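Colleague: With the sequence up front, the predicted model follows.
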Amino acid sequence: MSTERKYFGTMPDGTNVDCCILAKGQTKVTLIEYGARIADINYRGFQTIGGFHTLEGYLKDTEHQGSTIGRYANRIKDGLFTLNGTQYVLAKNEGGVTHLHGGNVGYDVRVWKLTKIEETDDVARATFTIVSEDGEEGYPGKLDISVTFSLTNDNAFTIDYSATTDKDTVISMTNHSYFCISGCGESILDQILTIDSDKFVAVDDLLIPTGLADVEGTYFDFRKPKAIGCDIDKFDDIQLKRGGGYDHCWVLNHSSKDSPVASLYSPLSKINVDVYTTEDGIQVYAGNRMDEDNPFYGKFIQKPRYCVCMECCARPDSPNQKDFPSVVLKAGETYTQTTTYKYSTK
């Protein structure tokens, strides 16, 4: 049996937090109930994401390491949106002006329930569930949410999200893992990124969308493989200056469970991660502002640009952007999202 559940830690209020370990192929994944987080993706002996061995590390974390994000991933301008003629007021938890990643008490700091673990010859799978009440963090509608993590023999790690609501609401969920496929403690600047995207979301100084921009002729063109560090500090570009580097959403040319929309490769470790998603966009954050006094796994100091996020989700501030695809989930309907990170060695 390569799938197991065990105790991980205890919350300050006395709630126990369990973890689950999935192992298939050359990959082992550790998941925890706190934030439905990915605590580790170990591929061929490499720890390939940032994380912590203890619950205390996650309780101290403010960077959403490995967590499930919701109700709305990314930013919402002024913490406000209008739905069906009613304005909803959300927490302004980023600088007191912007709503980010679900608010002060988002899904990343809730204790989920590990409700199901199963394994066959081909796949190991774990499902986490949570209820998000009507009015929670200002959002309308009670949501019943499940997130299922699956690991297959070909080293493909898949996240399936599902949610139903009793009232019209907005939703966009993602996972906020920080990939360090050269190994923890190594820079990401030489890692090779590819994104199948002709356009990205241009932003203002608060990283709120101002419209779409073509990648052609810009530092945001990753249609052909390019090192992350090649152009990241070219702050003559106002978009790079505003993000302190890459912290932008690319609009994907296609969404698919069958063909990759992006890939990340490390010349140092020879590890490659292909990304597949049903979502419209991928937010790439190059860890430009990481400097927490909270070492990964107790020994790797958090430094800027030593990890990179590849968050598959809707575009930022979509509830307020009429030209962006709708993120409204109507009462009685089901929200679904699937993202896969497939590991290989090249």
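Modeller: Nice, thanks for sending it over. Computed from a predicted model, the values in this text were never measured in an experiment.

Colleague: Identify the residues contacting residue 180.
Modeller: Going by C-beta atoms under 8 Å, 6 or more residues apart in numbering, residue 180 touches 47, 48, 49, 50, 186, 188, 296, 306, 307, 308. Yep, even glycine has a C-beta here, placed from its N, CA and C like the rest.

Colleague: so what's residue 160 bridging to?
Modeller: Going by DSSP bridges, residue 160 is paired in beta bridges with residue 148, residue 338.

Colleague: Could you do residue 251 as well?
Modeller: With DSSP bridges as the rule, residue 251 is bridged to residue 199, residue 281.

Colleague: any idea how far it lies from residue 147?
Modeller: Residue 251 is 24 Å from residue 147, where distance means C-beta to C-beta, to the nearest Å.

Colleague: more neighbours, the two?
Modeller: Using other C-beta atoms under 10 Å as the criterion, residue 251 and residue 147 rank with residue 147 on top: 23 against 19.

Colleague: Which stretches in the stretch 151-300 of the chain count as helices?
Modeller: Counting by DSSP state H, counting those that start in this stretch, the stretch 151-300 of the chain has helices at residues 238-243.

Colleague: And the strands in it, which stretches?
Modeller: Using DSSP state E, counting those that start in this stretch, the strands assigned to the stretch 151-300 of the chain run over residues 156-165, 169-170, 174-175, 178-179, 192-195, 199-203, 209-214, 226-227, 247-251, 262-265, 271-277, 281-285.

Colleague: most packed of these?
Modeller: Mean neighbour count (mean count of other C-beta atoms under 10 Å) peaks for strand 174-175 among these, with a mean of 28.

Colleague: just checking, what packs against that strand?
Modeller: Under the contact definition 3 or more C-beta pairs under 8 Å, 6 or more residues apart in numbering; DSSP states H and E, strand 174-175 sits against strand 68-69, strand 308-313, strand 334-345.

Colleague: chain center to it: distance?
Modeller: Relative to its chain's centre, strand 174-175 lies at 3 Å (C-alpha atoms, centre = their mean, to the nearest Å).

Colleague: So in that sheet, which strands flank it, and in what orientation?
Modeller: Paired strands of strand 174-175, with direction, are strand 68-69 (antiparallel) (DSSP bridges).

Colleague: Give me the contacts around the partner strand.
Modeller: With C-beta under 8 Å, 6+ apart as the test, strand 68-69 has contacts from 35-37, 101-102, 106-108, 112, 128, 147, 173-176, 311, 313.

Colleague: mean confidence score for that strand?
Modeller: For strand 68-69, mean pLDDT rounds to 98.

Colleague: that older thread, for the contacts of residue 180, which one is nearest residue 163?
Modeller: When the contacts of residue 180 are ranked by distance to residue 163 (C-beta to C-beta), residue 49 comes first, at 24.2 Å.

Colleague: Tell me if I am right that residue 137 is in a helix.
Modeller: Yes: assessed with DSSP: H, G, I helix; E, B strand; the rest coil, residue 137 lies in a helix.

Colleague: That one against residue 70, yeah?
Modeller: No: the criterion here is C-beta atoms under 8 Å, and residue 137 misses it with residue 70 at 9.6 Å.

Colleague: Could you check how many residues crowd around residue 224?
Modeller: 8.

Colleague: Tell me the spacing between the nearest residue to it once chain neighbours are set aside and residue 282.
Modeller: Ranked by C-beta to C-beta, 6 or more residues apart in numbering and with sequence neighbours excluded, the top spatial neighbour of residue 224 is residue 194, at 7.2 Å. Using C-beta to C-beta, residue 194 is found at 11 Å from residue 282.
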